[in-house]
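Asker: Mind folding the following:
(chains A and B)
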Amino acid sequence: SQQGEEDPQALSIQEGENATMNCSYKTSINNLQWYRQNSGRGLVHLILIRSNEREKHSGRLRVTLDTSKKSSSLLITASRAADTASYFCATDEGGSYIPTFGRGTSLIVHP
Amino acid sequence: EAGVTQSPTHLIKTRGQQATLRCSPISGHTSVYWYQQALGLGLQFLLWYDEGEERNRGNFPPRFSGRQFPNYSSELNVNALELEDSALYLCASSSGTGYSGNTIYFGEGSWLTVV
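Answerer: Below is the predicted model of the structure:
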């Protein structure tokens, strides 16, 4: 069953704009990870944020985690057409050893 | 360093046949995960192997099975194929036991089409 749920399901923006997608989960976590998937390909790891962290940066990516709201957000700044992909969050809810994924956010960046 | 490799890239089978998919984890990784991703859907957990043993399986029928070899590579077998088994099958590996706290790394996947 899906635990992490991304929102929105689809996002369409122009190149240069920022893209924000959110992930909500239901129970306690130790960490949360964001992945990217180009159409029909494997998932690429983007960033891991632990439960005692509130914000992490990696290049144009900024991830925040609010454990009180059980939610995380991924911000892509100055988006590029090459950022077009699906983005998934994965959690280890309840200390599970099985990473559970949401349905993802489909991002389209128009040149 | 080589990433997670999967084979074959594409596989076409007839309903009722068996399919075998293979995965080689990153060197040094002992955990292997299998996921199914049907078109337009999220990732559904299938199986988790660690140190040669099946540690957990998802909500899939017994005709989905697999194993992990002493070199930590793994194969996924799907028997009595049904049309709805058509999907992208993703393999991932991680170091240490289990996922919690460890990043898992994915292969490019194997597309299985059942006709």
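Asker: Close to chain B: what parts of chain A are there?
Answerer: Proximity of chain A to chain B (Cβ under 8 Å from any Cβ of the partner chain) is limited to residues A:1-2, A:30-31, A:33, A:35, A:40-45, A:48, A:50, A:88, A:90, A:92, A:95-104. Backbone N, C-alpha and C define where each C-beta goes, glycine included.
Asker: swap the cut-off to 6 Å and go again
Answerer: Selection of chain A residues close to chain B by Cβ under 6 Å from any Cβ of the partner chain yields A:2, A:30, A:41-43, A:45, A:48, A:92, A:95, A:97-99, A:101-104.
Asker: Residue ranges in the chain under the pLDDT threshold?
Answerer: Answering for chain A, as no chain was given. Within chain A, the stretches with pLDDT under 70 are A:1-4, A:94-95.
Asker: you looked at the wrong chain, it should be chain B
Answerer: Scanning chain B for pLDDT under 70 picks out the ranges B:1, B:96-101.
Asker: Tell me where the chain has strands.
Answerer: Just so you know, I chose chain A. Assigned by DSSP state E, chain A shows strands spanning A:5-7, A:10-14, A:19-24, A:31-37, A:43-50, A:55-58, A:61-66, A:71-76, A:85-91, A:100-101, A:105-110.
Asker: I was after chain B.
Answerer: According to DSSP E, the strands that chain B contains are B:5-7, B:10-13, B:19-24, B:31-37, B:44-50, B:53-57, B:64-68, B:74-78, B:87-94, B:105-106, B:110-114.
Asker: if we compare the ones you listed, which one ends up closest to chain A?
Answerer: Closest approach to chain A among those is made by strand B:105-106 (4.1 Å; Cβ to the nearest Cβ).
Asker: Give me the contact list for the closest one.
Answerer: Residues from elsewhere that reach strand B:105-106 (Cβ atoms under 6 Å, 6 or more residues apart in numbering or on different chains): A:G42, A:L43, B:V4, B:I26, B:L90, B:A92, B:S93.
Asker: Between the two ends of stretch B:65-73, how far is it?
Answerer: End-to-end distance for stretch B:65-73: 14 Å, by Cα to Cα, to the nearest Å.
Asker: List the buried residues for it?
Answerer: Within stretch B:65-73, the residues that count as buried by 16 or more other Cβ atoms under 10 Å in any protein chain shown are B:S65, B:G66, B:Q68, B:Y72, B:S73.
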